[in-house]
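[1] coords below, sequence missing:
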């Protein structure tokens with residue numbers, strides 16, 4: 001019973017700490033201009049196509065025979 005209480009309190013403390021980690025500092029602000037440029041650059045990266053790599057058939061390694069020493 002005591003172990004369950006300890007585990008429960010530990011989980012509650014971890015959840016509380018993780019919520020604090022999500023908080024933003026007051027210097028972080030939404031910038032419409034920056035967001036627009038960021039979305040444009042992401043679209044530009046998504047629009048570029050890279051040639052597909054040459055795919056070779058996958059071969060499984062062959063099993064070698066074990067040498068028996070007598």
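    In hand now; what should we look at? Owing to the predicted nature of the structure, the values given are computational and were not obtained by experimental measurement.

[2] quick one: buried residues of the one helix or strand in the chain whose mean pLDDT sits lowest?
    Lowest mean confidence among the helices and strands of the chain (mean pLDDT, DSSP states H and E): helix 2-21, at a mean of 78. Neighbour-count burial for helix 2-21, counted by 16 or more other Cβ atoms under 10 Å, picks out no residue. Bear in mind the C-beta positions are built from the backbone N, C-alpha and C, glycine included.

[3] and the helix or strand just after it, how far from the chain's centre?
    Counting by DSSP states H and E, the next helix or strand C-terminal to helix 2-21 is helix 32-47. With Cα atoms, centre = their mean, to the nearest Å as the basis, helix 32-47 stands 21 Å off its chain's centre.

[4] tell me the pLDDT at residue 42?
    In this model, residue 42 is scored at 88, pLDDT.

[5] Can you get me a residue count around it?
    10 (other Cβ atoms under 10 Å).

[6] Run through the residues that contact it.
    By Cβ atoms under 8 Å, 6 or more residues apart in numbering, no residues touch residue 42.

[7] for residue 64, helix, strand, or coil?
    For residue 64, the assignment made with DSSP: H, G, I helix; E, B strand; the rest coil gives coil.

[8] Number of residues surrounding it?
    Residue 64: 6 surrounding residues under other Cβ under 10 Å.

[9] what's the answer for the one 5 residues further on, then?
    A count of neighbours around residue 69, defined by other Cβ under 10 Å, yields 4.

[10] One more: residue 45?
    Using other Cβ under 10 Å as the criterion, residue 45 is surrounded by 8 other residues.

[11] one step back: contacts made by the least confident helix or strand of the chain with the rest, please.
    Contacts of helix 2-21 (Cβ under 8 Å, 6+ apart): none.

[12] So what's the gap between that helix and the chain middle?
    Using Cα atoms, centre = their mean, the offset of helix 2-21 from its chain centre is 24 Å.

[13] Repeat that for stretch 60-69.
    Chain-centre distance of stretch 60-69: 39 Å, with Cα atoms, centre = their mean.

[14] in that stretch, what's buried?
    Using 16+ other Cβ under 10 Å as the test for burial, stretch 60-69 gives no buried residues.
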